[in-house]
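**Student:** no sequence for this one, just the structure:
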């Protein structure tokens with residue numbers, strides 16, 4: 001039978017200590033987020049539906065995005081135990097320079113819509129983390145102002161080729177003058193994808209105050225206050241930005257983009273050249289032969305072609321084809337640091353994350369972006385410790401594989 005007694009005051013004292021109180025509301029909100037999915041949920045509550053859906057959504061039935069996330073979920077690690085993992089080296093050489101982590105922050109369009117700090121909030125976080133940040137042609141802060149926001153950061157510039165090539169030449173020249181070391185040509189947007197959520201929400205550029213958006217905005221007054229009391233929300237590299245994003249792509253970007261344009265950029269741009277939007281082994285070889293230093297396996301976050309190839313599944317065959325001829329990067333669907341570890345183990349040089357840090361931006365501005373990077377960093381380090389690997393450079397296919405159809409690997413059945 002249990003003997004009961006009154007607890008001593010000294011025994012109660014440790015139990016009655018108040019939890020640390022964070023005065024800043026944003027810090028309190030972000031402290032509750034332990035994963036990128038938590039940040040996504042905070043972002044969903046704090047932003048108008050059209051804004052959240054623009055970030056969260058993909059093309060048509062969104063199969064490309066969902067499949068990409070599902071495939072990362074099929075990753076199975078092979079731990080090696082009884083290893084000294086007290087110290088882990090997360091550094092990785094990416095395109096000739098050392099990065100503190102094996103991932104970069106991907107280019108995203110209309111970034112100041114998610115948080116009015118926009119690119120100026122993201123660039124310093126990337127700099128402080130010691131990783132590259134890619135500014136989009138569809139960004140809402142200029143090439144020069146983004147570089148000025150993080151003077152010591154590593155800046156990449158993502159380029160869409162316009163019908164008017166003189167505009168592209170000007171952007172490339174400005175990026176070079178501002179100290180950007182890598183140019184990333186996106187090749188998977190001959191036309192704009194059918195992003196149904198944007199159509200249903202009536203999202204336009206800039207956002208229009210319809211009855212629907214007014215009613216939704218009444219639930220998010222802080223977002224509208226920030227929008228209306230800061231500089232106008234426009235695409236920094238576009239002279240005109242009326243209509244939907246798909247309208248802009250179809251009106252401005254060149255559907256006649258060919259391999260000759262890759263060769264032209266290689267002859268024009270003195271830094272590293274990445275071709276983004278590669279979705280086959282054959283195309284990876286073609287652009288590498290045309291002078292690309294790296295290929296980015298990407299289906300545009302599922303925002304262009306629905307039912308597109310899954311980038312994670314292309315890593316191994318593309319790496320086998322290219323060997324040392326070009327570096328292989330990968331994006332789309334990465335929501336956990338373990339996905340980054342798996343990407344490198346499968347053969348990628350590094351991963352790029354987009355939505356993951358945008359959820360942080362929507363959840364808490366610059367602090368939210370930093371929280372997203374901190375979460376991914378902790379997940380990468382913990383995953384490596386648990387599989388017994390102490391250096392990112394030591395990751396190999398023996399450490400991770402994709403389970404076929406999400407099922408049990410053949411070797412595990414015996």
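**Tutor:** Arrived safely. Keep in mind that what you see is a predicted model, and the values were worked out from it rather than measured.
**Student:** Please name every helix or strand in contact with the longest strand belonging to the chain.
**Tutor:** Counting residues, the longest strand in the chain under DSSP state E turns out to be strand 272-278. Counting by 3 or more CB pairs under 8 Å, 6 or more residues apart in numbering; DSSP states H and E, the packing neighbours recorded for strand 272-278 are strand 182-186, helix 259-268, helix 281-289, strand 294-297. C-beta: built from backbone N, CA, C; applies to glycine.
**Student:** Need the winner for burial among these.
**Tutor:** strand 294-297 (a mean of 28; mean count of other CB atoms under 10 Å).
**Student:** what distance separates it from the centre of its chain?
**Tutor:** 14 Å (CA atoms, centre = their mean, to the nearest Å).
**Student:** strand partners of it, parallel vs antiparallel please.
**Tutor:** strand 272-278 (parallel), strand 327-330 (parallel) (DSSP bridges).
**Student:** What lies in contact with it?
**Tutor:** 95, 184, 272-279, 284, 287-288, 311, 314-315, 318, 322, 326-331, 348-349, 352 (CB atoms under 8 Å, 6 or more residues apart in numbering).
**Student:** again with stretch 25-36
**Tutor:** Counting by CB under 8 Å, 6+ apart, 22, 38-39, 42, 335-336, 356, 359-360, 363-365, 367-368, 371-372, 375-376 sit against stretch 25-36.
**Student:** hey, what's residue 103 bridged with?
**Tutor:** Here residue 103, judged by DSSP bridges, has bridge partners residue 351.
**Student:** Is it correct that it is in contact with residue 350?
**Tutor:** Yes - the criterion here is CB atoms under 8 Å, and residue 103 meets it with residue 350 at 5.7 Å.
**Student:** need the contact list for residue 366.
**Tutor:** Residue 366 neighbours (CB under 8 Å, 6+ apart): 115, 117, 121-122, 124-125.
**Student:** State the distance from it to residue 58.
**Tutor:** Using CB to CB, to the nearest Å, residue 366 is found at 26 Å from residue 58.
**Student:** ranges for the helices of the stretch 101-250 of the chain?
**Tutor:** 111-114, 118-129, 143-149, 165-177, 196-201, 211-217, 221-228, 245-252 (DSSP state H, counting those that start in this stretch).
**Student:** what pLDDT, on average, does the last one get?
**Tutor:** On average, the pLDDT along helix 245-252 is 67.
**Student:** rank the helices and strands packed on strand 272-278 by pLDDT, which is bottom?
**Tutor:** helix 259-268 (a mean of 94).
**Student:** Name the residues that touch it?
**Tutor:** Counting by CB under 8 Å, 6+ apart, 159, 161, 169, 172, 183, 185, 187, 273, 275, 286-287, 290-292 sit against helix 259-268.
**Student:** Of all pairs in the residues you listed, which one is the farthest apart?
**Tutor:** Using CB to CB, the contacts of helix 259-268 span at most 23.3 Å, a distance reached by 169 and 286.
**Student:** Would you mind measuring the gap between the ends of stretch 103-116?
**Tutor:** 24 Å (CA to CA, to the nearest Å).
**Student:** For residue 94, list the residues it contacts.
**Tutor:** 102, 104, 132, 327, 329, 349-350.
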